[in-house]
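Peer 1: I would like to see how this sequence folds:
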Amino acid sequence: MDTDEGTVPMVSGGLSAVGLNRLHEVMAGQVREGRVPGLVLGLRRGGDVHIDAIGSAVAGGSTPIWPDAIFRLTSMTRPVTAVATLLLVQDGRLELDEPIGRLLPELAGRPVLRQPDGPLDDIVPASRPVTVRDLLTFRGGFGMILAPPDEYPILAAEQALELSSLGPPTPATPHGLDEWLRRMGRLPLMDQPGTRWRYSTGSMILGALISRAAGQPAAAFYQERIFGPLGMPDTGFVVPAGQLPRLVPCYASDGGTLAPFDDGGQWARPQPFTDGGGGLAGPVADYLAFGQMLLDGGRHRGTRFLAPELVAEMTTDQLTAPQRDTAGPILDGRGWGYGVSIIGRRAAGPAGYGWDGGFGTAWANDPDTGLVAVLCTQVLAGPGGGAVEEAFWAGAYRALN
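Peer 2: Numbers count the residues shown, from 1 in each chain. This is a model prediction of the structure:
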């Protein structure tokens, strides 16, 4: 297959036609080198919108990937969940500094491990309740520890309870919302609330909180309040049967080759638990619309969608310097707002705010340049994936007029 096929639209003002052609050539090179079978990228700036589909929909295949291909967004769900939470704050149904126990009594009054690697019964009282803000900032006292479960009793217990809250979105938890909360409530916290950043259980708990606060299934709330109003028709927690051919297969890099990855059909049918941390799938165009709303300070096509002060809080670093320093390699020294990483200007990569997905997706908004950028591939994060992202970000910034 000729990976250089396709046309790049001529634009003026926001994006450079010459730069976009160069970006196409660079990313086509990533496909030719076998790092990904195909990809779809999207840029928005100054009224210009550019979407480019490069490569094949299937590894080793000849069918071109489609511009409207649907990808497993995984952790790019987290910013959407943060916005859903803030909409409920805007509605007056949640408050940022209220204890989550009001609506999630299963998680109220949890003790705290004396040491994260200690036995589950070596506990002390929590210094204060976990709040909505704690969940948004991933300082809710529970999250990933990058170590084998047999070294940390809390990790082994979480795994035994089948919560699926400390790793990739597959396999999904088999439990419905109420049972999931009941089981989570049996575990102590790892840290005192508000003290340490830990990825990424906060988003899953927020999904449950959204359902309770809205009085409806979380997926329905996202559809009615976010996807519908923002014009994101193909984003959701389930890909409808008629659209499943647009859901591209996914792969894992295995010794330099791409091996098919079985997602268990997770996005083809409703799951018992709506995962506010990693459950969404959708196309590039939809996520560009979401990113543009945030870049516009909470406005969508001239209409107020989310209060600008809430957007400002979401996209401002909420962590202290010690919390950034102890956050580990996932955050890698960056800041964290509400569901988004805060990225300073660096020699390479994006600046502003955004987040990636572990199944090969990335998004960032750069307020200084007015850029919204999305990259979607179908290869799980791993060796070689960083090179694809680096090439994309370098080329995206060279495409700015």
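
Peer 1: not counting its neighbours along the chain, what's nearest the spatially most central residue of the chain?
Peer 2: By C-alpha atoms, centre = their mean, the mean C-alpha position of the chain lies nearest to residue 76, the distance being 1.8 Å. For residue 76, ignoring the flanking residues on the chain, the nearest one in space by C-beta to C-beta, 6 or more residues apart in numbering is residue 357 at 4.3 Å. Every residue, glycine included, has its C-beta placed from N, CA and C.

Peer 1: burial count for that neighbour?
Peer 2: As a burial measure, residue 357 scores 24 neighbours (other C-beta atoms under 10 Å).

Peer 1: which strand residues bridge it?
Peer 2: In this entry, residue 357 is beta-bridged to residue 361, by DSSP bridges.

Peer 1: ok, it - contacts?
Peer 2: By C-beta atoms under 8 Å, 6 or more residues apart in numbering, residue 357 lies in contact with 72-77, 278.

Peer 1: and which of those is nearest residue 377?
Peer 2: Closest to residue 377 out of the contacts of residue 357 is residue 72 (10.6 Å), distances taken as C-beta to C-beta.

Peer 1: give me the nearest residue to the closest one, chain neighbours excluded.
Peer 2: Nearest non-adjacent residue to residue 72, counting by C-beta to C-beta, 6+ apart: residue 359, 4.5 Å away.

Peer 1: count of neighbours near that neighbour?
Peer 2: Neighbour tally, residue 359, other C-beta under 10 Å: 27.

Peer 1: same question for the one 3 residues further on.
Peer 2: Residue 362 has 23 neighbours, counted by other C-beta under 10 Å.

Peer 1: equivalent analysis for residue 128, please.
Peer 2: The tally of other residues near residue 128 (other C-beta under 10 Å) stands at 11.

Peer 1: with residue 67 instead?
Peer 2: Count around residue 67 with other C-beta under 10 Å applied: 15.

Peer 1: count the neighbours of residue 290 for me.
Peer 2: 25.

Peer 1: for residue 285, same thing?
Peer 2: The burial count for residue 285: 20, using other C-beta under 10 Å.

Peer 1: from here on, count from 54
Peer 2: With 54 as the first residue, the last one maps to residue 338.

Peer 1: circling back to that earlier point, for the residue nearest to residue 129, report the pLDDT, please.
Peer 2: The model reports residue 410 with a pLDDT of 97.

Peer 1: likewise for residue 68?
Peer 2: Confidence score, pLDDT, at residue 68: 97.

Peer 1: which residue packs closest to it, ignoring adjacent ones?
Peer 2: In space, and not counting its chain neighbours, residue 68 is closest to residue 101: 4.4 Å by C-beta to C-beta, 6+ apart.

Peer 1: wait, the one you found sits on residue 67?
Peer 2: Yes: here residue 101 lies in contact with residue 67, judged by C-beta atoms under 8 Å, at a distance of 3.7 Å.

Peer 1: one step back: what's the separation between the residue nearest to residue 125 and residue 88?
Peer 2: 15 Å (C-beta to C-beta, to the nearest Å).

Peer 1: swap in residue 249?
Peer 2: Applying C-beta to C-beta to residue 249 and residue 88 gives a distance of 35 Å.

Peer 1: give me the more crowded residue out of these two.
Peer 2: Per other C-beta under 10 Å, whichever of residue 249 and residue 88 has more neighbours is residue 88, with 22 against 19.

Peer 1: burial count for residue 248?
Peer 2: Residues lying near residue 248 (other C-beta under 10 Å) number 16.

Peer 1: ah, wrong one, I meant residue 272
Peer 2: So residue 272, with other C-beta under 10 Å, has 21 neighbours.

Peer 1: so when I look at it, I'm seeing a helix, right?
Peer 2: Yes: with DSSP: H, G, I helix; E, B strand; the rest coil as the criterion, residue 272 is located in a helix.

Peer 1: pretty sure residue 225 contacts residue 321?
Peer 2: No: judged on C-beta under 8 Å, residue 225 makes no contact with residue 321 at a distance of 11.8 Å.

Peer 1: the two: who's more crowded?
Peer 2: Per other C-beta under 10 Å, whichever of residue 225 and residue 321 has more neighbours is residue 225, with 20 against 14.

Peer 1: from residue 143, how far out is that one?
Peer 2: 30 Å.

Peer 1: likewise for residue 191?
Peer 2: When distance is defined by C-beta to C-beta, residue 191 is 21 Å away from residue 143.

Peer 1: list the contacts of the residue nearest to residue 125.
Peer 2: Taking C-beta under 8 Å, 6+ apart as the test, what residue 412 contacts is 124-127, 303, 431-434.

Peer 1: where does it land in three-state SS?
Peer 2: Counting by three-state DSSP, the backbone at residue 412 sits in coil.

Peer 1: secondary structure element holding residue 426?
Peer 2: Using DSSP states H and E, residue 426 falls within strand 424-430.

Peer 1: and that strand, what other elements does it pack with?
Peer 2: For strand 424-430, the packing partners by 3 or more C-beta pairs under 8 Å, 6 or more residues apart in numbering; DSSP states H and E come out as strand 91-98, helix 337-348, strand 414-419, helix 438-451.

Peer 1: quick one, strands of the stretch 254-403 of the chain?
Peer 2: For the stretch 254-403 of the chain, strands defined by DSSP state E, counting those that start in this stretch occupy the ranges 303-307, 310-314, 334-335, 352-353, 356-357, 388-389, 394-396.
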